[in-house]
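**Student:** please find the sequence and the predicted model below.
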Amino acid sequence: MSILRASHLVKRFGPVTAVRDLSLTVGEGEVVGLLGPNGAGKSTTLHMLLGLITPDAGRVELFGLELARHRTEALSLLNFAAGYVDLPGVLRVREVLDAFARLYALRRPRERVAEMVELFELGPLVKRQVMALSSGQRTRVQLAKALLNAPRLLVLDEPTAHLDPDAGDRVRGLLTRVAAENGSAMLVTSHNMREVERMCDRVHFMADGVIVATGTAAELAGHYGAEDLEEVFLKVARG
Ligand SMILES: Nc1ncnc2c1ncn2[C@@H]1O[C@H](COP(=O)(O)OP(=O)(O)OP(=O)(O)O)[C@@H](O)[C@H]1O
């Protein structure tokens, strides 16, 4: 069953058509990658799926609910993390997590915050103000916040972009494990092809606002006569 179904989405910014006639689905528990060169339309697509911007055409259904008509209910079942979304900088890490736990009306907020602090190894950082964190540390707080409500769908825009290779590897492992345990689906953008090969069940390649190829990493490599997803990317990006 699809928990996300986007049909024929279009988004224009003045003369620029960022997304044109884009359709995609994410199944229950599935991890789907959304790839493409800079400016392909990935973030714009995610922002339409999250209701942050309104499509000029097309329709988004989350968990069988049309987003335009059931916004609160649909959005309460998902979460989002991206490096460009700022957390309140003056708050301390624990205060941020407590605030989101209240916002999400969690049943056991204290326990859940403690679980996330442990999972993302935030213990030494809980008393630090968010503005004093490194970008990698901030990413871990973002991901902890994004998993607080055990979302059925986790939308991640370049989740490991600011992490060093060791932290990136650990976070990838964590996300995969936690998503599997919770039965959460994930929709992930990334420019790290090894990350996508490791995490994603299926991949959509975007170029110029449209999806130009879909499949597993192995299917796409076979289709493009490529060694791996990195080579597929280069072939797609260079037309
Ligand atoms: N608010 C906006 N106003 C005007 N143009 C925009 C706006 N947001 C995005 N665009 C344009 O839409 C196109 C798609 O941008 P988008 O950010 O979705 O690409 P992307 O695939 O996420 O790129 P990247 O990999 O660089 O993050 C680009 O040409 C961009 O300049």
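**Tutor:** Structure received.

**Student:** which bits of the protein sit near the ligand?
**Tutor:** Contacts of the chain with the ligand, taken as CB under 6 Å from any ligand atom, map to 13, 16, 18, 36, 38-44. For every residue, glycine as well, the C-beta is placed using N, CA and C.

**Student:** go with 8 Å
**Tutor:** The chain has residues 11, 13-14, 16, 18-19, 36-47, 53, 157-158, 189, 191, 206, 209 near the ligand, with proximity defined as CB under 8 Å from any ligand atom.

**Student:** which of the residues you listed fall within strands?
**Tutor:** 11, 13, 16, 18-19, 157, 189, 206 (DSSP state E).

**Student:** list buried residues within those residues.
**Tutor:** Buried members of these, scored by 16 or more other CB atoms under 10 Å, are 11, 18-19, 157, 189, 206.

**Student:** from those, pick the one nearest the ligand.
**Tutor:** Distance to the ligand across those (CB to the nearest ligand atom) is lowest for Ala18, with 3.3 Å.

**Student:** from the buried ones among the ones in strands among the residues of the chain next to the ligand, which one has the minimum pLDDT?
**Tutor:** Among these, Asp157 carries the lowest pLDDT, at 92.

**Student:** which one is that one nearest to, not counting chain neighbours?
**Tutor:** Leaving out its chain neighbours, the residue that sits closest to Asp157 by CB to CB, 6 or more residues apart in numbering is Ala82, at 3.6 Å.

**Student:** surely the one you found and Leu154 touch.
**Tutor:** No: assessed by CB atoms under 8 Å, Ala82 is found out of contact with Leu154, at 11.6 Å.

**Student:** these two: which is more packed in?
**Tutor:** In this view Ala82 and Leu154 are compared by other CB atoms under 10 Å, and Leu154 has more residues nearby, 25 against 19.

**Student:** so the more buried one, which of the three states?
**Tutor:** Of the three states, Leu154 takes strand according to DSSP: H, G, I helix; E, B strand; the rest coil.

**Student:** now do the helix or strand bottoming out on mean pLDDT in the chain against strand 153-157, angle only.
**Tutor:** Lowest mean confidence among the helices and strands of the chain (mean pLDDT, DSSP states H and E): helix 165-182, at a mean of 88. Using axes from the mean of the first three to the mean of the last three CA atoms, to 10 degrees, the direction of helix 165-182 lies 160 degrees away from that of strand 153-157.
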